[in-house]
Each structure stands twice: as C-alpha cells, then as structure tokens.
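Colleague: this is a predicted model, with the sequence first.
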Amino acid sequence: MAETLSPARAPRFAHASEAELARILDFYKVQWRYEPDVFPISWNVNGAVVESFAPDFYLPEIEIYLELTTLKQSLVRKKNRKLRWLRLLYPEVRIKLLYARDFRALMVKYGRLEFLSQVVEENTQLGGNGAAA
Amino acid sequence: MTVHDDVSEVLLTEEQVQSRVRELGAQLTIDYAGRSPVLVSVLKGSIVFLADLVRHMDVPLSVDLMEVSSYGSGTETSGQVRILKDLSGPIEGRDVVVVEDIIDTGLTLNYLLRYLAERGPASIRVCCLLDKPARRLAEIVIDYRGFSIPDRFVVGYGLDFNEHYRNLPYIGVLRPSVYGGADPVA
C-alpha cells in the first residue's frame, strides 16, 4: 500500500476541523498536502496579484483540492466568491468545498459528536456561527 | 415505540429496493455468464443487500466477507485503517465484485479497492445499492448502482445508526433528533 504523504510533523492547521480532516485522510491512507498551492484570482492594473486562493488540502492520488468552510457565514460567502473565480480562471482544477453541514455529517458518520461540540464552541468563541450551522 | 418511529420518511420502499436488487442480480448474471465471480462484501452494512443479491444471480459464485476498522469507532481517531477480518480465500485470478451497501465519502472503498488489487484478481468491479455522490471525497468508479440518493442520513436494509435499524426492510431517513440534530419544524 502507498504510504501517506502526510508530513512527519503535522502542519499548523488554521482550524481544528482541518486537523480532524487530516486525521481522517491519514486513517484511510489517503495522501494529502496542506495548502500546497496558491492560485492568484485577482490582479491590479499593474498586473500584481491582489487576491489569491489557497485551498486547504490537495489529494494527489485523487487529484482534487478540498476546502473546508466551517467558520462564520461572512467567510463562507467570501470563500464562495473566491471559488467562483477559481473555477472560472482555472477550469482544469478540481475542487470540492466542504460546508459546515458536510463536516457535521462527517462527524455524525464517524460518531464524533463530542469533537463537533468542541468545534462549535471554538467557533462561537471566534464569533462564528458554528460548525452545526 | 418501534424502530419505525425514528424514521421521518421512507426514501425507498421495500418493493422499490427488492425490484432494483432483482435487476442488479439479472445484470450481473448476464455480465458474468460463463464465469465464476467472488462477491466480496464489507461487514456489517452490506450483508442484507448481499444476501438478496446473490439469490438473484444465476451463475456459480462464491462469497467472501471482510471487515475494516472505521474512523472514530471506539478510540480510532489516530493510526490507520485496519483489516479486522480478511478474506477467507485467495482472489488471485478471480473476477471480484465488491458489494457495498452505500458509498458516500468513498474513503473506505478507496482503501479496500487498493488492498484487493494487490492480491492480483483478474478484475474488480463495484456494485453498490446506494450512491450518495454529494458526500464523495475519493472518486470511485461504480459499475453497478442501485440508487443515487440525496444527502440524507439513511438507515435500514442493513444500514445502521449505532447498530440499530439494520432490520428495517426499506431505506428510511433517520430523524435528526436521533443523532443529535433538530427535527425540522412542521
């Protein structure tokens, strides 16, 4: 069986839900890389990049990017807009957005409701709507 | 209070399920005519589907069962997936049909297909009763698909929640309140 590409030392994840997804991918021996690529999506008149999008995960064997959006709704809207531009500018890139409801369904599937509660609490402390939103 | 009370909606009736399983069995009979496939199923959710499917297949076949550990079960949130029950016999040179109850993320099946491929079968195909594409993380080629279903939490016909509801003869949507969510307001 192929070994995972997961870094020997876990990267510094921006959110607990990302670390959880990495653990799930590791568990099922799916290779992943954390934020390996940055896609410019907006330039100023001088051609300098003013906005870019770095999807959370890339799964090289499956050739797909994953983006988790379990934080507050304003960030989800921002990510949706970035995703639209990414798909427009880089149509060959395959990316899947995991919304809060998707992450919640994963946690239910794997019996991780306790962890889900922690994530919701963390989001609440951050002023977000929570993973169960 | 019965197990049926926890179901908010019947997604696929017993008749719909049985009719489709019969069709899948007939198709497999045609496709595997003159061959002797081994049907490999993953415990525990697939056993009801497997039991019905083989009775609609009119070719000499054998059955084998596997069980793999699941993320989050018990304390399984670290380490890697393990084979809890391996194949009983070799599959080298055999035509393998993996029989699954439901494919959602595809992570378990993705692992299993790689595991089986290393054992040198002549071919591997996938037959699943339910396909929930909205949840897919790992792409899976599904050769035989019973139903494509929406993104709902389904139980019955072998599918469980906390080991319950496998004995329902239909595919039902579990009330969210059963698994910690809120039921929709009527």
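Modeller: Looks like it came in fine. Keep in mind that what you see is a predicted model, and the values were worked out from it rather than measured.

Colleague: which helix runs longest in the chain?
Modeller: I went with chain A, as the question did not name one. The helix of greatest length in chain A, counted in residues with DSSP state H as the criterion, is given as helix A:73-89.

Colleague: chain B, not that one
Modeller: Scanning chain B for the longest helix, with DSSP H as the assignment, gives helix B:14-31.

Colleague: is the helix or strand following the longest helix of chain A positioned near chain B?
Modeller: Downstream of helix A:73-89, the first helix or strand assigned by DSSP states H and E is strand A:95-99. Yes. Strand A:95-99 is in contact with chain B by CB under 8 Å from any CB of the partner chain, via A:Lys96. Any C-beta I mention is one placed from the backbone N, CA and C, and that applies to glycine too.

Colleague: do me a favour and average the pLDDT over strand A:95-99.
Modeller: Mean pLDDT, taken over the full extent of strand A:95-99, equals 90.

Colleague: rewinding a little: buried residues in the longest helix of chain B?
Modeller: By neighbour count on 16 or more other CB atoms under 10 Å in any protein chain shown, the buried set for helix B:14-31 is B:17-18, B:21, B:24-25, B:28.

Colleague: kindly report the residues of chain B close to chain A.
Modeller: Remark: the part of chain B in contact with chain A comprises B:70-73, B:76-81, B:104-105, B:107-108, B:110-111, B:114-115, B:118, B:135-139, B:151, B:153, B:162, B:179-181, using CB under 8 Å from any CB.

Colleague: ok, which stretches of chain B are strands?
Modeller: Listed in chain order, the strands found in chain B under DSSP state E are B:7-12, B:38-42, B:62-68, B:83-85, B:95-103, B:123-131, B:144-148, B:154-155, B:171-174.

Colleague: so A:Phe57 is in contact with A:Ile95, correct?
Modeller: No. A:Phe57 is not in contact with A:Ile95 according to CB atoms under 8 Å; the separation is 9.9 Å.

Colleague: report the set of residues contacting both of these two.
Modeller: Common neighbours of A:Phe57 and A:Ile95 (criterion: CB atoms under 8 Å, 6 or more residues apart in numbering or on different chains): A:65-67.

Colleague: more neighbours: A:Phe57 and A:Ile95, which one.
Modeller: Taking A:Phe57 and A:Ile95 together and counting by other CB atoms under 10 Å in any protein chain shown, A:Phe57 has the greater number of neighbours (23 against 17).

Colleague: looking at it, A:Glu63 is touching A:Arg94, isn't it?
Modeller: Yes. A:Glu63 sits in contact with A:Arg94 when judged by CB under 8 Å, with a separation of 6.3 Å.

Colleague: more neighbours: those two, which one.
Modeller: A:Arg94 (13 against 10).

Colleague: ok, the more buried one - contacts?
Modeller: With contacts defined as CB under 8 Å, 6+ apart, A:Arg94 is in contact with A:63-65.
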